[in-house]
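In: Predicted model and sequence below, questions to follow.
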Amino acid sequence: MGTYMLYYMTGFIMIPVFIFALICQAKVKSNFNKYSKIMNRRGMTGAQAAYQLLQMNGINDVSIQPISGNLTDHYDPTNKSICLSEPVFNSTSVAAIGVACHEAGHACQHAQGYAPLKMRNAVIPVTKIGSSFGIIICILGIYLTNLAAFSQFGMTIAYIGLILYTFVVFFQLITLPVEFDASKRALATIQSAHFLEDDEYKGAKKVLTAAALTYVAALASALATLLRLLIIISGGSRRR
């Protein structure tokens with residue numbers, strides 16, 4: 001079977017992963033939209049919730065600032081800032097409290113030297129290279145294996161691309177405990193400090209659980225791509 005035919009046939013591996021990712025994205029949006037319309041009884045904003053969570057953990061050097069966009073919320077460890085999107089920063093919705101506290105959870109991880117977060121940050125540079133060039137280098141190597149004069153060289157190049165892309169898989173894998181732990185910290189504080197009432201808490205939990213599934217989908221996609229590349233390289237190796 002030719003390299004290109006094998007490449008396109010293994011593309012079917014991605015179909016169920018793609019469908020799963022779409023379902024996860026739809027669930028995140030639907031839950032966020034639903035609980036963005038339900039205001040918490042305490043009238044607490046997302047920014048206030050994040051601030052209180054930080055104070056409860058003795059963190060005073062992290063800023064909280066608004067950013068444009070929707071679902072663009074994140075914690076930036078380079079300048080110790082929690083960036084909350086417009087629908088979260090000033091909103092008193094149940095969804096806003098969940099999202100804001102999740103990002104504050106990342107700030108707590110950073111302050112406490114949470115090992116998985118440190119590992120994820122450490123591999124970011126090589127992960128960027130792997131995500132941008134890993135597949136391209138791998139496919140180039142596979143192409144060269146079809147040329148007799150470059151067969152051995154091409155296989156070496158293909159494996160270099162594969163190794164680079166493996167860092168992408170590792171990044172997605174280590175992201176899971178980082179994100180799950182941030183949500184766990186957020187929900188524990190929301191409940192213990194009574195940021196939300198019991199029925200409101202359930203809504204925030206649904207928002208964060210749906211968001212966590214998107215990281216599972218990202219890992220599944222990376223694994224499927226890695227498997228696809230492995231199958232293609234194995235096919236090229238058997239032809240030599």
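Out: That came in fine, so what should we check first?

In: Before we move on, what's the pLDDT of the most centrally placed residue in the chain?
Out: Central residue of the chain (CA atoms, centre = their mean): residue 215, 4.5 Å from the mean position. On pLDDT, residue 215 comes in at 96.

In: for it, what are its contacts?
Out: 172, 175-176, 179 (CB atoms under 8 Å, 6 or more residues apart in numbering). Bear in mind the C-beta positions are built from the backbone N, C-alpha and C, glycine included.

In: What is the burial count for the closest residue to residue 114 other than its chain neighbours?
Out: Closest residue in space to residue 114, ignoring its immediate chain neighbours: residue 181 at 6.9 Å, by CB to CB, 6 or more residues apart in numbering. Using other CB atoms under 10 Å, residue 181 has 17 neighbouring residues.

In: circling back: from the contacts of residue 215, list the buried ones, please.
Out: 172, 175, 179 (16 or more other CB atoms under 10 Å).

In: and the closest residue to the residue nearest to the centre of the chain other than its chain neighbours, what does it touch?
Out: Nearest residue to residue 215, sequence neighbours excluded (CB to CB, 6+ apart): residue 179, at 5.0 Å. With contact taken as CB under 8 Å, 6+ apart, residue 179 is in contact with 211-212, 215.

In: Tell me where this structure has strands.
Out: For the chain, the strands defined by DSSP state E occupy 63-67, 74-76, 81-85.

In: want to throw those into JSON lines with mean pLDDT, distance to residue 157 and mean neighbour count?
Out: Shown next, in JSON lines, are those (pLDDT from 0 to 100; distance: least, CB to CB, whole Å; neighbours: other CB atoms under 10 Å):
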{"stretch": "strand 63-67", "mean pLDDT": "97", "distance to residue 157": "40", "mean neighbour count": "15"}
{"stretch": "strand 74-76", "mean pLDDT": "96", "distance to residue 157": "35", "mean neighbour count": "18"}
{"stretch": "strand 81-85", "mean pLDDT": "97", "distance to residue 157": "39", "mean neighbour count": "22"}
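
In: Quick one: closest of those to residue 137.
Out: strand 74-76 (29.1 Å; CB to CB).

In: before we move on, the earlier item: output the contacts of residue 215 as TSV; include the columns distance to residue 189.
Out: Shown next, in TSV, are the contacts of residue 215 (distance: CB to CB, whole Å):
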residue	distance to residue 189
172	27
175	21
176	21
179	16
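
In: between these, which is closest to residue 39?
Out: Nearest to residue 39 among those, with distances taken as CB to CB, is residue 179, at 26.0 Å.

In: ok, how many other residues are close to the residue nearest to residue 85 when sequence neighbours are not counted?
Out: Distances taken as CB to CB, 6+ apart place residue 72 nearest to residue 85, at 4.7 Å, with adjacent residues excluded. Neighbour count of residue 72, defined by other CB under 10 Å: 13.

In: So, low pLDDT: which residues of this protein?
Out: Across the chain, the ranges flagged by pLDDT under 70 are 1-10, 235-240.

In: For it, which segments are assigned as helices?
Out: 3-9, 14-35, 46-56, 86-89, 94-111, 115-129, 135-145, 151-192, 198-239 (DSSP state H).

In: Nothing else from me, thank you.
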